[in-house]
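J.: Quick one: sequence and predicted model below, then my questions.
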Amino acid sequence: MKIILIGYMGSGKSTIGKNVSKMLNFDFIDLDDYIQEKEQLTIPQIFDRKGEIYFRKKEHVYLKEVLERTDVVVSLGGGTPCYGSNMAAVLSAKDAHSVYLKSSIPNLVQRLLPERLGRPLIAHITTEEDLTEFVGKHLFERSYYYSQCTKTLVTDGKTVSELTEEIVRLF
Ligand SMILES: Nc1ncnc2c1ncn2[C@@H]1O[C@H](COP(=O)(O)OP(=O)(O)OP(=O)(O)O)[C@@H](O)[C@H]1O
Ligand SMILES: O=C(O)C1=C[C@@H](O)[C@@H](O)[C@H](O)C1
Ligand SMILES: [Mg+2]
């Protein structure tokens, strides 16, 4: 079985995915970490030196690679399901269950403001007001893809351990 965690930047995919994998005794792959390791560059370096189109092409190639794995929890990047045939690949992967971690705009903004420098799409945004506007528009565009997941979990008001347990219970 594969559990694929999907959601906007800051929704908790990496943090919760790692915990779920430990509880289920599954392997854990964070697609962003996998890309960084394969490319021997950080995500900001890839965007800066090679550009976003290069990143999206590699993200697609490595997604296909990790979808071959079994007994694994995979946390995708925030944009992964929203490009090319990636969401179709997730939905058609063998024995795969996709979970959308759905978070409100104010919660995402509170989490992302202090951590924005590691995320090239928002690194240039400095105020809470501007980040709220950006996340609102971006999430609206991306929700079309996120909402295709087989399960949706609202994360607002829940701790990482509560969400971890909820996912473990689902499977
Ligand atoms: N339910 C939660 N309650 C409080 N803090 C949380 C919760 N989920 C995640 N966080 C915190 O929010 C921040 C972002 O989480 P994380 O890096 O796991 O998000 P992500 O979805 O993997 O983002 P990205 O798409 O950018 O990789 C972290 O500091 C994490 O500890
Ligand atoms: O939302 C996005 O498009 C991104 C999210 C991160 O996980 C990284 O994959 C990268 O910063 C792009
Ligand atoms: Mg992550």
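T.: Yep, it's here. Ligands and ions are numbered 1, 2, ... in the order given.
J.: Now do the same contact list for residue 161.
T.: The contact partners of residue 161, by Cβ atoms under 8 Å, 6 or more residues apart in numbering, come to residue 19. Placement of C-beta: from N, CA and C, glycine included.
J.: Go ahead and confirm residue 166 touches residue 153.
T.: Yes: counting by Cβ atoms under 8 Å, residue 166 does reach residue 153; the two are 6.0 Å apart.
J.: Look at those two and report which has more neighbours.
T.: Using other Cβ atoms under 10 Å, the more surrounded residue of residue 166 and residue 153 is residue 153, with 21 against 17.
J.: For that one, which residues are in contact?
T.: The neighbours of residue 153, taking Cβ under 8 Å, 6+ apart as the test, are 99-102, 163, 166-167.
J.: now residue 84: how far from ligand 3?
T.: From residue 84 over to ligand 3 the distance is 20 Å, taken as Cβ to the ion, to the nearest Å.
J.: actually residue 166, not the one I typed
T.: To ligand 3, residue 166 is 19 Å away according to Cβ to the ion.
J.: Tell me the confidence at that residue?
T.: Per-residue confidence (pLDDT) for residue 166: 98.
J.: and what of residue 88?
T.: Per the predicted model, pLDDT is 98 at residue 88.
J.: Distance check, it against ligand 1.
T.: In this view, residue 88 and ligand 1 are 20 Å apart by Cβ to the nearest ligand atom, to the nearest Å.
J.: these two touch, right, residue 72 and residue 31?
T.: No: taking contact to mean Cβ under 8 Å, the distance of 11.4 Å between residue 72 and residue 31 leaves them out of contact.
J.: who touches both of these two?
T.: Joint contacts of residue 72 and residue 31 (Cβ under 8 Å, 6+ apart) are residue 66.
J.: Touching, residue 164 and residue 23? I think so.
T.: Yes: at 6.5 Å, residue 164 counts as touching residue 23 under the criterion of Cβ under 8 Å.
J.: Settle it for me: which of the two has more neighbours?
T.: In this view residue 164 and residue 23 are compared by other Cβ under 10 Å, and residue 164 has more residues nearby, 21 against 13.
J.: ok, for the more buried one, nearest residue in space, not its chain neighbours?
T.: Nearest residue to residue 164, sequence neighbours excluded (Cβ to Cβ, 6 or more residues apart in numbering): residue 19, at 4.1 Å.
J.: I am finished for the moment; much appreciated.
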